[in-house]
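Student: dropping a prediction and its sequence here:
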Amino acid sequence: MSSSPSLSCLGLPRPRCSTLHLDLNLSRFMQAYFSSSSRSLWMASLPSGHAVEIYSLRVNCRVTSRFAHTVITSKIINRVNESREATFEVELPKTAFITNFSMSIDGKLYPGIIKEKASAQKEYDTAVSQGQSAGLVKITGRKLEQFHVSVSIAAASKVTFELAYEELLKRQLGLFEVLIKVRPQQLVKHFQIDVHIFEPQGIRFLETDSTFMTNELNEALTKVQNETKAHILFKPTVDQQKVNPELDETLLNGDFLVRYDVKQVATAGDIQIFNGYFVHYFAPQQMPVFPKNVIFVIDRSGSMAGRKIEQTREALLKILQDLRPEDHFSCITFNNKVVEWKSALLQATAENVASAAGFVRTITARGGTDINHALLTAVSVLDKAERLPERSVSMIILLTDGQPTSGESKVEVIQENIQKAVNGKYALFCLGFGFDVSYNFLEKMALSNGGIARRIYENSDAALQLQGFYQEVATPILMKIEMQYPDNAVEGLTKNNFKLFFEGSEIVVSGKITVLMVSFLPLQHTSDLTLKEEANVKEKEQVFQSRSYIFGNFIERLWAYLTIQQLLEKSISAQEEQQKALEARALELSLQYGFVTPLTSMVVTKPTGQQQAELANKPTEAGKWVLNSPLGMCGC
């Protein structure tokens, strides 16, 4: 039997780079603890000789067809004759879902249990009411969030921590990336990082990199690769870890990276099938780039004064130089008033780019924040634009650092106004500078208008962050993409319609197979594009008979992961009734597949006499961090 997915598009995009971030931040992994009478004292550093010793630390990351399953195992021993507090602290990707956590203390297992959020909170509150303290998962960086749990170890006792999480790697700028941040802050007798990669399409490119590698440490790194598989092993001895032979200080302090890409096929993409589920990857190559019609809308209110506006000017000057001659563009700045560089879109000639650069250099920050008027002005400029390329992509890029304070200040009204004005014609990208910005407001507005939101962090490289974002959207090569699959062949499809596709990225669609054959087809360089290809289910499933590279039903879990992510994203811009339905389905899948998502929590059990429960909640990008404490939810 056969099924026949086809793909209808209007143009085409290219590749990008994805990041799997794992931070083994063990700088506070252990802190000495002892009690005197009824008082406790926390030491800021380890006792001499590391009484609480990490004697084994292993990271095992298995990437099968972009889906990464990572397990971190740390074994700790208390070598002194009194109790010590051990803290397990790991930074993992914000886009990852924790799937398991357990502690084994002197051979007894204490598992983490994933529950619906309200149910978990009720159980946790009971423990808190008895005077117990709190565990947490919090946002700590641009792409990372932190898992943190502590336990008291009795004299001469051992504890093993194990944390597992899963994530679908995204292709960005033509690459997938695994980033492991390593900071044990002590020598570890058995230290090992294993990264296994299995890509049935074939591995086109593979490299490893590190910020702390020396000649001695390089000898501890091995890389084995064939057509479809790669194994990277980093296993330094204690002597290789040392800064020098005389000091017990470790060199392991920084980033360990694995970057790779897969071989692309010049067809309708690659379909992979396993145990009744399929995933379809599509990343066309060597396609013409659509001209862009882009308007930069820049906040110049008083809160942008100083380094923010300097970095914004710096980034814009470089971005203007990256415009293609066939692009059209304009710049709008706003505080409580809106100022247009030009009242129309102009072609990105050398003369016009130089004129815009002169305008950018004059931008200063003062006044209020009228986001509504600024965006409506941008939409109006696009609506009135003449003589634009017939096949081009129009977009608005908004950068702001604050709440709307001038003109229309109700965010719900602004969202409604902009969505009505845009009316599906353009893509709106919202960049929120810093943590004072209302990120929820920007995210909903972007998602409702075919774009995405991104936070720009207030660091020395903010200008580079802005330039990096622009590079991601600078090369649209596909628009109005629809991945079509016969109704009688598949069910439970993830998102299969895409407004834009950018060079270096990848479209991923997954679902359940209900027949034994799937079809697709070729490439036409005409106004509309249709691709087809055939895939025999039994033949495709044979690819994954090497089970050493498979963790469970990995395509089914990939499907569940992607479905949950998309349901949560869709719920952001949905009306209340639809939002509840979307969240209910996402919760059902989160519990069924054991994912810690924004709708679930993990209750961490502990030995009798200690903190009886800790609650791991997945934080959201909207806040700096989320913390459960006996005093309630806190943010800063």
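Tutor: Yep, that arrived. Residues are numbered from 1 along each chain as shown.
Student: all strands of the stretch 251-400 of the chain, in order?
Tutor: For the stretch 251-400 of the chain, the strands defined by DSSP state E, counting those that start in this stretch occupy 254-262, 270-274, 277-282, 292-299, 328-334, 338-340, 346-347, 393-400.
Student: export the ones you listed to a markdown table and tack on mean pLDDT?
Tutor: Below are the strands of the stretch 251-400 of the chain laid out as a markdown table (pLDDT from 0 to 100):
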| stretch | mean pLDDT |
| --- | --- |
| strand 254-262 | 92 |
| strand 270-274 | 88 |
| strand 277-282 | 92 |
| strand 292-299 | 96 |
| strand 328-334 | 97 |
| strand 338-340 | 96 |
| strand 346-347 | 96 |
| strand 393-400 | 95 |
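Student: so which of those is nearest Asn244?
Tutor: Closest to Asn244 of those is strand 254-262 (Cβ to Cβ; 17.4 Å). For the C-beta atoms, the positions are set from N, CA and C on the backbone; glycine is no exception.
Student: which strands or helices does that closest one pack on?
Tutor: Applying 3 or more Cβ pairs under 8 Å, 6 or more residues apart in numbering; DSSP states H and E, one finds that strand 254-262 makes contact with strand 174-183, strand 190-198, strand 203-210, strand 229-234.
Student: recalculate using a threshold of 10 Å.
Tutor: If you count contacts as 3 or more Cβ pairs under 10 Å, 6 or more residues apart in numbering; DSSP states H and E, strand 254-262 packs onto strand 16-25, strand 52-64, strand 174-183, strand 190-198, strand 203-210, strand 221-225, strand 229-234.
Student: now the strands of the stretch 251-400 of the chain as JSON lines including mean neighbour count?
Tutor: What follows is the strands of the stretch 251-400 of the chain, written out as JSON lines (neighbours: other Cβ atoms under 10 Å):
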{"stretch": "strand 254-262", "mean neighbour count": "20"}
{"stretch": "strand 270-274", "mean neighbour count": "23"}
{"stretch": "strand 277-282", "mean neighbour count": "25"}
{"stretch": "strand 292-299", "mean neighbour count": "24"}
{"stretch": "strand 328-334", "mean neighbour count": "24"}
{"stretch": "strand 338-340", "mean neighbour count": "17"}
{"stretch": "strand 346-347", "mean neighbour count": "18"}
{"stretch": "strand 393-400", "mean neighbour count": "24"}
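Student: TSV for those strands, including distance to Leu382?
Tutor: Below are the strands of the stretch 251-400 of the chain laid out as TSV (distance: least, Cβ to Cβ, whole Å):
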stretch	distance to Leu382
strand 254-262	35
strand 270-274	36
strand 277-282	29
strand 292-299	7
strand 328-334	9
strand 338-340	13
strand 346-347	13
strand 393-400	5
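Student: give me the low-pLDDT residue ranges for the protein?
Tutor: Along the chain, segments meeting pLDDT under 70 span 1-50, 126-141, 266, 515-536, 609-613, 622-636.
Student: can you show me the helices along it?
Tutor: Counting by DSSP state H, the chain has these helices, from start to end: 117-129, 215-218, 238-241, 307-322, 350-361, 371-384, 411-422, 439-447, 462-473, 537-542, 554-572, 576-593.
Student: other residues contacting the last one?
Tutor: Taking contacts as Cβ atoms under 10 Å, 6 or more residues apart in numbering, the residues outside helix 576-593 that touch it are 97, 99, 114-117, 166, 552-553, 556-557, 559-561, 563-574, 595-600, 618.
Student: again, 6 Å this time
Tutor: Residues from elsewhere that reach helix 576-593 (Cβ atoms under 6 Å, 6 or more residues apart in numbering): Ala560, Ile564, Leu567, Leu568, Lys570, Ser571, Ala574, Thr597, Leu599, Thr600.
Student: need those residues in JSON lines (columns: distance to Thr228).
Tutor: Shown next, in JSON lines, are the contacts of helix 576-593 (distance: Cβ to Cβ, whole Å):
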{"residue": "Ala560", "distance to Thr228": "25"}
{"residue": "Ile564", "distance to Thr228": "28"}
{"residue": "Leu567", "distance to Thr228": "32"}
{"residue": "Leu568", "distance to Thr228": "32"}
{"residue": "Lys570", "distance to Thr228": "34"}
{"residue": "Ser571", "distance to Thr228": "37"}
{"residue": "Ala574", "distance to Thr228": "40"}
{"residue": "Thr597", "distance to Thr228": "31"}
{"residue": "Leu599", "distance to Thr228": "36"}
{"residue": "Thr600", "distance to Thr228": "35"}
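Student: tell me the one of the residues you listed nearest Asn497?
Tutor: Looking across these and measuring by Cβ to Cβ, the closest to Asn497 is Lys570, at 12.0 Å.
Student: list the contacts of the closest one.
Tutor: Going by Cβ under 6 Å, 6+ apart, Lys570 touches Leu582.
Student: ok, now with 10 Å
Tutor: Contact analysis of Lys570 by Cβ under 10 Å, 6+ apart lists Leu447, Lys495, Gln578, Gln579, Leu582, Glu583, Ala586.
Student: most neighbours among those residues, which one is it?
Tutor: Ala586 (24 neighbours; other Cβ atoms under 10 Å).
Student: nearest residue to that residue in space, please, no chain neighbours.
Tutor: Leu567 (4.0 Å; Cβ to Cβ, 6 or more residues apart in numbering).
Student: picking up where we left off before, among the helices and strands packed on strand 254-262, which comes closest to Ile456?
Tutor: Relative to Ile456, the nearest member of the helices and strands packed on strand 254-262 by Cβ to Cβ is strand 16-25, separated by 16.8 Å.
Student: quick one on the thing from earlier: so which of the helices of the chain gets nearest Glu340?
Tutor: Minimum separation from Glu340 across those (Cβ to Cβ) falls at helix 371-384, 6.8 Å.
Student: next one: that closest one to chain centre, how far?
Tutor: Centroid separation between helix 371-384 and its chain, computed with Cα atoms, centre = their mean, to the nearest Å, is 30 Å.
Student: tell me the buried residues in it?
Tutor: Across helix 371-384, burial judged by 16 or more other Cβ atoms under 10 Å covers Ile371, Asn372, His373, Ala374, Leu375, Leu376, Thr377, Ala378, Val379, Val381, Leu382.
Student: gap between the third one and Ile414?
Tutor: Yep, that's His373 we're talking about. As judged by Cβ to Cβ, to the nearest Å, His373 and Ile414 stand 10 Å apart.
Student: hey, what's in contact with both of those two?
Tutor: Taking Cβ under 10 Å, 6+ apart as the contact rule, His373 and Ile414 both touch Pro404, Gly407, Glu408.
Student: and the last one, how far is that from Gln419?
Tutor: With distances taken as Cβ to Cβ, Glu408 is found 14 Å from Gln419.
Student: next one: Thr64
Tutor: 39 Å.
Student: with neighbour numbers in mind, choose between those two.
Tutor: Under the neighbour definition other Cβ under 10 Å, Thr64 and Gln419 were set side by side, and Thr64 has more, 22 against 16.
Student: mind giving me the domain split of this protein?
Tutor: By the assignment in the TED database, the chain contains the domains 52-263+596-617, 292-474.
Student: ok, now how distant is the residue nearest to the spatial centre of the chain from Lys143?
Tutor: Central residue of the chain (Cα atoms, centre = their mean): Thr95, 4.0 Å from the mean position. Going from Thr95 to Lys143 by Cβ to Cβ gives 8 Å.
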